[in-house]
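1. Sequence below, structure please.
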Amino acid sequence: MIDALTSSSNRSGWVSSRPRSFTTLPFRFLELEEGGRYLAVSAGGEHLVTDRSTIVALVEGKFEWDHPQGDDLEARHFVTSSHPQAALVRIASQLKTRMSDLPELTGLHIFVVTLRCDHTCQYCQVSRVSQDRSAFDMSVEHAHLALDHVFRSPSRLLKIEFQGGEPLLNWQLVREIIEEAEHRKGNREMQYVIATHLGLLTDEMIDFCRSYPVYFSTSLDGPAALHNANRPKGGSSSHAQTVRNIDRVRTALGPERVSALMTTTAASLSQPEAIVDEYVRLGLDSIFLRPLSDYGFAARAQNRIGYREAAFVEFFKRGLDRILEWNQKRVPLVEVYSQLLLRRILTPFPTGFVDLQSPAGLGIAAMVYNYNGKVYAADEGRMLAEMGDDRFCLGTVSDTYEKLFLGSGLVPLLEETMLEAVPQCADCALHLYCGTDPVYHYRAQGDPVGHRPTSGFCYRNMEILKHLITMLEDDPIRRRLLYHWLP
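-> Here you go, the predicted structure:
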């Protein structure tokens, strides 16, 4: 990979009947394919695929205005023939838009209402338990204190997500939190998401959710054999149970009220097409092709269910190919992570996705209130805590809002995760499209900043981003389909 950041300087272009002076504006670049084309990204995030000679001409100030991409280069703020200050103001406006969600602060609030679960999923990221509720369920007192912090956030849209364990095992508290949040919301827009395997869903729960903006997020790993192997539940079929209850929610509340995602294990790698086809068969319109996370029970099972990052990237590409094949047949299905990346590549608008932010989304994008009253800066942080490491604990729900944010070491951690200052990220052409995951790097490399050349997070994102950009550049049919994924 080649990457660099040019400095702005006035130089003269080629000598012709209409000589023009120009300024090379700040940009970054990398080799998109070995011995071939290069990707250039402007300081505001606009991209262009070009050849090496064009990159050299821009860097050395020898750009010629009759270049075939000359108009694009000026329109996308790589060079300017007018006053450079005006161009920099436009770039600053693009960057301001990209970071426009920062003043909103924390929009996502995760309540871990119980650690109990009746499934034994191989890749469970938390140390699930089946013991008594008094020790592993969130108390009503802790829930109300957590809601105090939720409504201190300046965000106009507040999303409360219920996790576990299996949150439906503590349904009464889920219901209490929703009712209390509705009582307190004022002019806020609220959304509630229950992350559940759906196996415990009752008609009474569905009736309650009909009255509020409650959404269900469930796991569907693919065809029955794969799903049941990944997510066993005694002697019964967890796949049949999940599919049946997806249909119940869709029928009772509407198709938009339930979504599914999958987790990739070693057994998944050979069948991305079958996994995608199962989502199509069930009429689902989105799928999230997720890699395995190295926390909880998943960390203990790495030898059986783990794989190298390169294997996941190949799986991801094949899955994406299959989705686009279905799109060509007018079947509406999007891959959620690609959709988020495309929004960052093709627009200046933020996504709100925690792992695609700079600085990291720790605390400022999501807060996690654990069943025991402890507060974490990220969901992975509480998973790490269940493994015995409280590095990302901010305090407890009894602490003040100010102490959680300013007295917990969160601010210095955020300063370290500004990609503009992270080694290698600072010079990477993809950094405006990417993000950072301090908990991953702390877990994998012993440091929240991490070492990018050996980072699996970095490798995975770079390969997927380059693949998407290559499709946008080279395949008009797929480019049109991918543009339709933009919200």
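
2. okay, now the domains of the protein?
-> Taking automatic domain parsing as the reference, the chain has its domains at 9-98, 102-386.

3. Tabulate those domains (a markdown table), appending mean neighbour count, distance to Leu465 and mean pLDDT.
-> Every C-beta, even on glycine, is put in place using the N, C-alpha and C of the backbone. Converted to a markdown table, these look like this (neighbours: other CB atoms under 10 Å; distance: least, CB to CB, whole Å; pLDDT from 0 to 100):
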| stretch | mean neighbour count | distance to Leu465 | mean pLDDT |
| --- | --- | --- | --- |
| domain 9-98 | 16 | 9 | 83 |
| domain 102-386 | 19 | 6 | 92 |
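
4. Tell me if I am right that Glu420 is in a strand.
-> No. Under the criterion used here (DSSP: H, G, I helix; E, B strand; the rest coil), Glu420 is coil, not part of a strand.

5. Which residues are in contact with His109?
-> Neighbour list for His109: 146, 149-150, 153, 158-161, 366-367, 369 [criterion: CB atoms under 8 Å, 6 or more residues apart in numbering].

6. gap between the closest residue to it other than its chain neighbours and Ile160?
-> Residue nearest to His109 in three dimensions, not counting chain neighbours: Val150, with 4.7 Å by CB to CB, 6 or more residues apart in numbering. Distance, Val150 to Ile160, by CB to CB, to the nearest Å: 7 Å.

7. Are there residues contacting both of the two? Which ones?
-> 109, 181.

8. Dump the domains of the chain into TSV; add distance to Asp437 as well.
-> Output for the domains of the chain, formatted as TSV (distance: least, CB to CB, whole Å):
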stretch	distance to Asp437
domain 9-98	19
domain 102-386	5
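
9. hmm, back to that, quick one: the residue nearest to His109 and Ala181 touch, right?
-> Yes. Counting by CB atoms under 8 Å, Val150 touches Ala181, with 7.1 Å between them.

10. which SS class is Leu432?
-> Under three-state DSSP, Leu432 falls in the coil class.

11. what about it, how many neighbours?
-> Other residues near Leu432 number 23, with proximity taken as other CB atoms under 10 Å.

12. OK, contacts around it?
-> 41, 45, 98, 344.

13. let's see it at 7 Å
-> By CB atoms under 7 Å, 6 or more residues apart in numbering, the contact list for Leu432 reads 41, 45, 98.

14. Now do the last one against Gly45, distance only.
-> If I follow you right, that is Arg98. The value you get for Arg98 to Gly45, if CB to CB is used, is 6 Å.

15. all strands of the stretch 1-150 of the chain, in order?
-> 9-12, 21-24, 27-31, 38-42, 47-50, 79-80, 108-112 (DSSP state E, counting those that start in this stretch).

16. For those, could you give me JSON lines that also reports distance to Gln69?
-> JSON lines is the format used below for those (distance: least, CB to CB, whole Å):
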{"stretch": "strand 9-12", "distance to Gln69": "18"}
{"stretch": "strand 21-24", "distance to Gln69": "14"}
{"stretch": "strand 27-31", "distance to Gln69": "13"}
{"stretch": "strand 38-42", "distance to Gln69": "10"}
{"stretch": "strand 47-50", "distance to Gln69": "6"}
{"stretch": "strand 79-80", "distance to Gln69": "10"}
{"stretch": "strand 108-112", "distance to Gln69": "40"}
